[in-house]
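Chemist: What would the 3D arrangement of this be:
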Amino acid sequence: MKRFFNVVLFGVLLTGFLPAQVDLQPVAIVRLTKSEPITVKQFRTEVEKVEKQERRSLNVSERRQVLDLMINERLAIQAAEQDKISVSENEINQQLQQLRAILAQNIGRQPTEAEFATAVKNEYALEIPAFREQIRRQYLVQKYLMSKKQDLIQSVKTPTEADIQNFYNLNKAEFVRPDTVRFSMIQVPFGASATDKTKAKELADRLVREIGSNPAKFDEAVIKSQSPGSGYQGGDAGYVPRNLQAQQVVGEELMNTAFSLKQGEVSRLVEGAQGYSIIKVTETYEMKNLALDDVIQPGNRMTVHEFISSRMLQERQQGVMLQASQELVADLRKGNSFQIFENNLTW
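Modeler: Residues are numbered from 1 along each chain as shown. As a prediction, the model looks like this:
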């Protein structure tokens, strides 16, 4: 009985031990300046992260591409460290601050530490310490690339006037501004329950009676929306082009209502998915074929000329950065700088 118990116990321990052993096995070893393994667990984690983003499973070829990227990053980091290139805590903090600024713009205020950590985890599936390390590694690779391929990267030429004109002539049909309106909106939001919706409808009906078709009364109601406990929201809704994408955002009824009004007119009550709305059109623009000197869209100072110049320059920069990256990777992969264990690529 004692011998049987020992055998069973050993089997249980072995069952729990084997997966851990597999996780620690190397999928690849990078050894440009030192021996650095990429374990099965690290590789699987990265593959699962990509699969979550793509919302599908990766095939063997795609998994191999993920591994190649992991090898390339480690080669570049080892080379950067050999050249005494580093990333300071201040540089990492600056990158984080830029992300905080974007989040603050989206939510209309500075995020708390907890809100920022949650946003990072939702977007990148990483806790803040791991995210800081990811920023450090990416920044280090970028610095190394710039140091080695600076001449190539700086060789990008700004588009000439002839380049811009030629691009415009070939893509003129794309530069069309659709019918566009700008409107101010009063919205009475309602919850999921019938009681909430009934209360919201009563408030919306009262606002309709008070405003009527009077634009001045509408503006007064918008100002009152800022008072605590008003029960509704008011303000500028921005520019809305007449296209399918915008209609999917604002809803078909609100879209049709907005484009049925003249500038300065106040609408009837419109029921949407989130609440009851009243709008006043403040600007209207008819569809127009845009010339080079026209702005891309109302409310934006960028002209078609500036847009084309920026787009062409960005495409050239991306092309050169790709070339620089490929050349750098080819240099780092020369010789016996890494080893792949094919048997560990699947699990």
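
Chemist: State whether residue 158 and residue 310 are indeed in contact, as I suppose.
Modeler: No - at 10.2 Å, residue 158 and residue 310 do not qualify as touching, with contact defined as Cβ atoms under 8 Å. Where C-beta positions appear, they are placed from N, C-alpha and C, glycine not excepted.

Chemist: neighbour count winner among the two?
Modeler: In terms of neighbours (other Cβ atoms under 10 Å), residue 310 is the more surrounded of residue 158 and residue 310; the figures are 12 against 9.

Chemist: Which neighbouring elements make contact with the helix or strand that one falls within?
Modeler: Secondary-structure assignment from DSSP states H and E places residue 310 in helix 304-332. Secondary-structure packing of helix 304-332 (3 or more Cβ pairs under 8 Å, 6 or more residues apart in numbering; DSSP states H and E): helix 60-82, helix 128-148, helix 150-153, helix 161-170.

Chemist: Just send these back as TSV, with mean neighbour count, mean pLDDT and distance to residue 256 too.
Modeler: TSV is the format used below for those (neighbours: other Cβ atoms under 10 Å; pLDDT from 0 to 100; distance: least, Cβ to Cβ, whole Å):
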stretch	mean neighbour count	mean pLDDT	distance to residue 256
helix 60-82	17	94	45
helix 128-148	16	94	44
helix 150-153	12	92	50
helix 161-170	13	97	33
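
Chemist: Include distance to residue 27 when you put these into CSV, please.
Modeler: Putting the helices and strands packed on helix 304-332 into CSV (distance: least, Cβ to Cβ, whole Å) gives the following:
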stretch, distance to residue 27
helix 60-82, 6
helix 128-148, 18
helix 150-153, 32
helix 161-170, 45
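
Chemist: so which of these comes closest to residue 200?
Modeler: Of all the helices and strands packed on helix 304-332, helix 128-148 sits nearest to residue 200, with 39.4 Å by Cβ to Cβ.

Chemist: Centre of the chain to that closest one, how far?
Modeler: In this view, helix 128-148 has its centroid 19 Å away from the chain centroid, taken as Cα atoms, centre = their mean, to the nearest Å.

Chemist: again with stretch 90-109
Modeler: Stretch 90-109 has its C-alpha centroid displaced from the chain centroid by 13 Å (Cα atoms, centre = their mean).

Chemist: Contacts for that stretch, please.
Modeler: The contact list for stretch 90-109 (Cβ atoms under 8 Å, 6 or more residues apart in numbering) reads 110, 111, 115, 116, 119, 120, 132, 135, 136, 139.

Chemist: And that stretch, what's buried?
Modeler: 92, 95, 99, 100, 103 (16 or more other Cβ atoms under 10 Å).
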